[in-house]
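> predicted model and sequence below, questions to follow.
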Amino acid sequence: MVISVFGKDGSGKTTIATHLAKVLSDKNKFVGIVSLEMRYGSIQRSLGINISGDKSIINALTQSDIRNYATRYTDNIYVFSLSDTDDITKYDALQNIAKDENILLGFLKKLNESFDYVIVDLTEMVIDSLTYFMIKNSDKLINVFESRAEQISFAQSHNHILHSLTGENNIINVLNKHDEAIINKSTIKDICDFDITIDFNTDIIKDERQCKLNKYLLKQVNEITQLVENKNVNNNKKSNVFSKILGRR
């Protein structure tokens, strides 16, 4: 199953993506995280891992065996991303590769064959070739926005395009970093609907700075997984051969 996480930069989509992977792995699922983000930040900083140049997602896209290009986070979680040393020229190269839909379809097929769940951390740009493709081909889309005017406006303005690409029933809307003292949920609901609310918590920020997962957020994100599982009960667990081949290193 492919679950993509979308939202405006700063909404907390990367944080939710990493916590979602952890919650699923704790349920004995084998999880791959694919990060398409570079301009705002990299997922390895959130997880506290290093991705070497030879394991760049660019190589994973263009080679027949993706297993050589996954970076281990835990025994059940592996990461695909631009490397620590990749610069904006590599991001542009990634976009050029992504123009070939056959390459993307092949990559997605290999991911689905290797993992129970694939979590994709998208960019905020629907016109980004990889982001567009992944939204269109995701089983579920988690749409994250904060309870701030520019974030609510961004979410509301993207509703139609997201619905047209993946279907309204496949979208889980998450109101993140909410503070009822600043704006109440009923006011937001009149503008932009949401399924789950995650309240603002300074400990999440503190933990992220230390590359740690947050217990409160793990509990909240577990509610998202329950929604995902309720909407799709026929997901089959893949073999753990992938992990064994990598030597769990």
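Structure's in. What do you need?
> going forward, measure contacts between C-alpha atoms and count neighbours the same way
Will do.
> which residue ranges of this structure form helices?
For the chain, the helices defined by DSSP state H occupy 13-25, 43-47, 57-62, 88-97, 101-114, 129-137, 149-166, 185-191, 202-209, 215-231, 241-245.
> is the most centrally placed residue in the chain bridged to anything, and to what?
Taking CA atoms, centre = their mean, the centroid of the chain lies closest to Asp121, which sits 2.9 Å from it. Listed by DSSP bridges, the beta-bridge partners for Asp121 are Val5, Ser35.
> measure it to Asp179 for me?
In this view, Asp121 and Asp179 are 25 Å apart by CA to CA, to the nearest Å.
> what of Glu223?
Counting by CA to CA, the gap from Glu223 to Asp179 is 19 Å.
> list the contacts for the residue nearest to the centre of the chain?
Shown in contact with Asp121 (CA atoms under 8 Å, 6 or more residues apart in numbering): 4-6, 13-14, 17, 33-37.
> which of the residues you listed tops the neighbour count?
Highest neighbour count within the contacts of Asp121, by other CA atoms under 10 Å: Val5, with 30 neighbours.
> wait, doesn't that residue sit right on Ser138?
No: when contacts are counted by CA atoms under 8 Å, Val5 is not listed as touching Ser138 (9.7 Å).
> Ile198: what's it in contact with?
Ile198 makes contacts with 174-178, 217, 220, as judged by CA under 8 Å, 6+ apart.
> which residues does stretch 21-38 contact?
Contact with stretch 21-38 is made by 17-18, 42-43, 76-82, 91, 111, 115-123, 130-131, 218, 221-222, 225, 237-238, 240, as judged by CA under 8 Å, 6+ apart.
> which parts of that stretch are buried?
21-25, 29-38 (16 or more other CA atoms under 10 Å).
> now, the most widely separated pair of those?
The span of the buried residues of stretch 21-38, defined through CA to CA, is set by Lys29 and Met38 at 26.8 Å.
> quick one: low-confidence ranges for the chain?
Applying pLDDT under 70 to the chain flags the ranges 38-41, 231-249.
> now with 80?
37-42, 88, 229-249 (pLDDT under 80).
> and the residue in the chain sticking out farthest from the centre, how far from Asn112?
Ranking residues of the chain by C-alpha distance from their mean position (CA atoms, centre = their mean) puts Ala181 at the top, at 29.0 Å. Remark: distance between Ala181 and Asn112 (CA to CA) = 43 Å.
> before we move on, what about Leu104?
In this view, Leu104 and Asn112 are 12 Å apart by CA to CA.
> with neighbour numbers in mind, choose between the two.
More crowded of Leu104 and Asn112, by other CA under 10 Å: Leu104, with 19 against 15.
> please name the nearest non-neighbouring residue to that one.
Distance criterion CA to CA, 6 or more residues apart in numbering; nearest residue to Leu104, sequence neighbours excluded, is Ala98 at 6.5 Å.
> my guess is Ser129 contacts Asp100. True?
No: between Ser129 and Asp100 there is no contact under CA under 8 Å: 9.3 Å.
> neighbour count for the two, which is higher?
Ser129 (18 against 11).
> nearest residue to that one other than its sequence neighbours?
Closest residue in space to Ser129, ignoring its immediate chain neighbours: Ala98 at 5.8 Å, by CA to CA, 6+ apart.
> I figured that neighbour hits Tyr132, correct?
No: at 10.0 Å, Ala98 does not count as touching Tyr132 under the criterion of CA under 8 Å.
> one step back: just the buried residues from the contacts of stretch 21-38, in ChimeraX please.
Typed into ChimeraX, the next command selects the buried ones out of the contacts of stretch 21-38 (criterion: 16+ other CA under 10 Å):
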select :17,18,42,43,76,77,78,79,80,81,82,91,111,115,116,117,118,119,120,121,122,123,130,131,218,221,222,238
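> over to the residue nearest to Ser129: give its phi and psi.
When read as degrees, to the nearest 10, the backbone of Ala98 gives phi -70, psi -10.
> I appreciate the help and will end here.
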